[in-house]
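*Asks:* Build me a model:
(chains A, B and C)
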Amino acid sequence: MAPVAPRSGDAIFANMERVNAELFTLTYGATVRQLLTDLEEVEEVNKQLDQMGYNIGIRLIDEFLAKSNVSRCVDFRETAEVIAKVGFKMFLGVTASVSNWDADGTCCSIILEDNPLVDFVELPDTCQGLYYCNILSGVIRGALEMVSMKTEVTWIRDMLRGDDAYELQVKLLKQVPEEYPYKDDE
Amino acid sequence: MIVCVAVVGHQNNPLYIQSFTEADDALKLHHIVHCSLDVVDERVNNPKKSGPTLNETFLGLLYPTENYKVQYVFFSYGYLTNTKVKFILVTTDLDVRDADVRNFFRRFHAAYVDAVSNPFHVPGKKITSRTFAERVSTIVKSFGLSSAT
Amino acid sequence: MGREVSESCVDSLLTEMVSTYCNRFYANKPELAARRIEAIGYQVGHQLSERYTMERPRFSDHLEAIKFICKDFWSEVFKKQIDNLKTNHRGTFVLQDNRFRWLSRISIDPSLESAESQDSSTPAESKAAQASSMHLYFPCGIIRGALSNLGIPCAVSADISNLPACSFVVRIKA
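*Replies:* Sure thing, here's the model as predicted:
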């Protein structure tokens, strides 16, 4: 049987159950605002958002693999491309790009120019240390961990802090090799 | 020319007021905004007088209330949202097109809605957003130029 | 057509937000977790009512505002209208959704049940009900926030005794 080709992000997004982005954007915003009230420390809010993202990522990966036809045993380079082109598109409806690879192919940047999480958002002066979109770094870390890639994800650029794009650096720390790689023809 | 715009909360608490004139008219403009708010309250509490379209957000000319318009320098128009927020526009133009004023309020309202959608905005507090201020300034500048947008 | 995201984004976020408050922050204080989840919903409802009432005439009475929640507002959020609206004509309204989307789609975190109560005699059913009721504080908050912003202070509770139907009881404060 011929291998099933991975589907394009646009095609998958078109077939997803979709909702008004406003509901999502405002719910995320209200959650961040409530976390700031309850935890007081901006650093602690960053940590919790990352943790929430991680928990979401480890669950979302199943839906991602099921709907994208992406095979599990791709290398890190391909994986990064797939996250940017398919992952962001199918869930958030926006496309990201990958750049700034290091020489040994274990570290790159995922760059987002359009980001539905931040529609309407303006950070108050009291929240300058806040990584408002920190849930995203958690989602990537969580999802990759489920496909045996331990990563470290850090923010390089943030438009809410005046930069010209959102840039997440994804660094591969350890890849646990799969003992019995899945083959398409089995 | 638009000389002043204001957003006022449901308890007549000022949320945003900005004048667009070099002249030192601040007191006069605040006074007109104040008078306009009284007229809004009066019209809303006595809907019979508010004309044919009951509960329409656009309230039309608020100030002056007399007919001898030529004596006046400033004219104000009002708009009341479903959430009881009042928008006031003060202009020096004696004759403005109804469509232009409606279009102005529609865009002003949209800018307001986006500003209060910021998760860090506290309802009832003054709007300090720079994005909002810039958007309002753009809308004010384009007033009367085109109703297309 | 405005911007859209996949429904799984909303579902995942809600599941995780509720779980964060119930399991991690206030594992032993469900009433505090409930209050926070409701507050998040309140802010969302407050903002959504501002957006969804743009370019529409002002409501002339409570019933008109409630009908707006049942029709336009519910359609924007859940892609369907409320199925049944009842009132006692004394300020209480019951909004019934025969198949409430967030109960059918959002997975109830099983760990919530164990976190909920140390009392092992509590029947499993009631624990599960308690877990779903945590999720329901969010839409209750949304309704209360939306109506408050329309000048109608009220209390909102949810009734899930007829699953998958869910009834929201709105009591307007005199």
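
*Asks:* count of neighbours near residue 110?
*Replies:* All of this refers to chain A. For residue A:110, the count of nearby residues is 25 (other CB atoms under 10 Å in any protein chain shown). In short, each C-beta sits where N, CA and C put it, glycine included.

*Asks:* look at chain B instead
*Replies:* 15.

*Asks:* try residue A:12
*Replies:* Residue A:12: 20 neighbours (other CB under 10 Å).

*Asks:* and what of the one 3 residues further on?
*Replies:* The number of residues packed around residue A:15, counting by other CB under 10 Å, is 12.

*Asks:* can you pull the contacts of it?
*Replies:* When contacts are counted by CB atoms under 8 Å, 6 or more residues apart in numbering or on different chains, residue A:15 touches residue A:67.

*Asks:* So for stretch B:81-95, mean pLDDT?
*Replies:* Computed over stretch B:81-95, the mean pLDDT rounds to 90.

*Asks:* For the longest helix seen in chain C, enumerate the helices and strands it packs against.
*Replies:* Identified as the longest helix of chain C according to DSSP state H is helix C:124-149. If contacts are counted by 3 or more CB pairs under 8 Å, 6 or more residues apart in numbering or on different chains; DSSP states H and E, helix C:124-149 sits against helix C:7-19, helix C:30-52, helix C:101-105, helix C:110-116, strand C:154-159, strand C:166-172.

*Asks:* helix, strand or coil for residue C:80?
*Replies:* coil (DSSP: H, G, I helix; E, B strand; the rest coil).

*Asks:* That one and chain B, how far apart?
*Replies:* Distance from residue C:80 to chain B, counting by CB to the nearest CB, to the nearest Å: 23 Å.

*Asks:* what ranges do the helices span in the chain?
*Replies:* By default, I'm working from chain A. A:9-15, A:21-39, A:42-68, A:76-82, A:88-92, A:134-146.

*Asks:* um, chain B though
*Replies:* With DSSP H as the criterion, chain B has helices at B:26-45, B:98-116, B:130-141.

*Asks:* so what's residue 67 closest to, chain neighbours aside?
*Replies:* Picking chain A for this. residue A:12 (5.4 Å; CB to CB, 6 or more residues apart in numbering or on different chains).

*Asks:* my bad, chain C
*Replies:* residue C:85 (7.3 Å).

*Asks:* Same question for residue B:21.
*Replies:* residue B:3 is the one closest to residue B:21 (CB to CB, 6+ apart), at 4.4 Å.

*Asks:* Let me see the contact set for the one you found.
*Replies:* B:19, B:20, B:21, B:25, B:29, B:74, B:90, B:91, B:92.

*Asks:* just residue B:9 next, same as before
*Replies:* With CB under 8 Å, 6+ apart, residue B:9 has these contacts: B:15, B:84, B:85, B:86, B:124.

*Asks:* Residue A:58 reaches residue A:140, doesn't it?
*Replies:* No: using CB atoms under 8 Å, residue A:58 is not in contact with residue A:140; the gap is 11.2 Å.

*Asks:* Looking at these two now, which is surrounded by more residues?
*Replies:* Neighbour count, other CB under 10 Å: between residue A:58 and residue A:140, residue A:140 has more, with 21 against 17.

*Asks:* hmm, back to that, of all the helices of chain A, which lies closest to residue C:80?
*Replies:* helix A:21-39 (14.2 Å; CB to CB).

*Asks:* Which elements pack onto that closest one?
*Replies:* Short answer (3+ CB pairs under 8 Å, 6+ apart): helix A:21-39 packs on helix A:42-68, strand C:4-6, helix C:7-19, helix C:30-52.

*Asks:* what about residue 91, neighbour count?
*Replies:* The chain I'm using is chain A. Count around residue A:91 with other CB under 10 Å applied: 25.

*Asks:* look at chain B instead
*Replies:* 22.

*Asks:* and the residue in chain A that chain B sits nearest to, what does it touch?
*Replies:* In chain A, the residue found nearest to chain B is residue A:29; the distance is 2.9 Å by CB to the nearest CB. Going by CB under 8 Å, 6+ apart, residue A:29 touches A:120, A:121, B:117, B:118, B:119, B:120, C:43.

*Asks:* thought the fourth one was touching residue A:124?
*Replies:* No: with contact defined as CB under 8 Å, residue B:118 and residue A:124 do not form a contacting pair (9.1 Å).

*Asks:* Return the distance of the closest residue to chain A within chain B relative to residue A:170.
*Replies:* Nearest to chain A, among the residues of chain B, is residue B:119, at 2.9 Å (CB to the nearest CB). Distance from residue B:119 to residue A:170, counting by CB to CB, to the nearest Å: 27 Å.

*Asks:* Same question for residue A:24.
*Replies:* Taking CB to CB, one finds residue A:24 at 23 Å from residue A:170.

*Asks:* Chain A contacts on chain C?
*Replies:* Within reach of chain A by CB under 8 Å from any CB of the partner chain, chain C has these residues: C:2-10, C:12-14, C:16-17, C:19-20, C:24-25, C:36, C:39-41, C:43-44, C:47-48, C:51, C:76-77, C:79.

*Asks:* Before we move on, what's the pLDDT of residue B:99?
*Replies:* 90.

*Asks:* ditto for the one 10 residues further on
*Replies:* In the prediction, the pLDDT value recorded for residue B:109 is 96.

*Asks:* Next: the one 3 residues further on.
*Replies:* Among the per-residue scores, residue B:112 holds a pLDDT of 97.

*Asks:* How far off centre is the lowest-mean-pLDDT helix or strand in chain A?
*Replies:* Using mean pLDDT, DSSP states H and E, helix A:9-15 stands out as the lowest-scoring helix or strand of chain A, at a mean of 88. How far helix A:9-15 lies from its chain's middle: 17 Å, per CA atoms, centre = their mean, to the nearest Å.

*Asks:* Any buried residues in it, and which?
*Replies:* A:9, A:12, A:13 (16 or more other CB atoms under 10 Å in any protein chain shown).

*Asks:* Spatially, what comes nearest to the spatially most central residue of chain A if we skip its sequence neighbours?
*Replies:* With distances taken as CA atoms, centre = their mean, residue A:140 lies nearest the centre of chain A, 3.9 Å away. Excluding its sequence neighbours, the residue lying closest to residue A:140 (CB to CB, 6+ apart) is residue A:153, at 5.3 Å.
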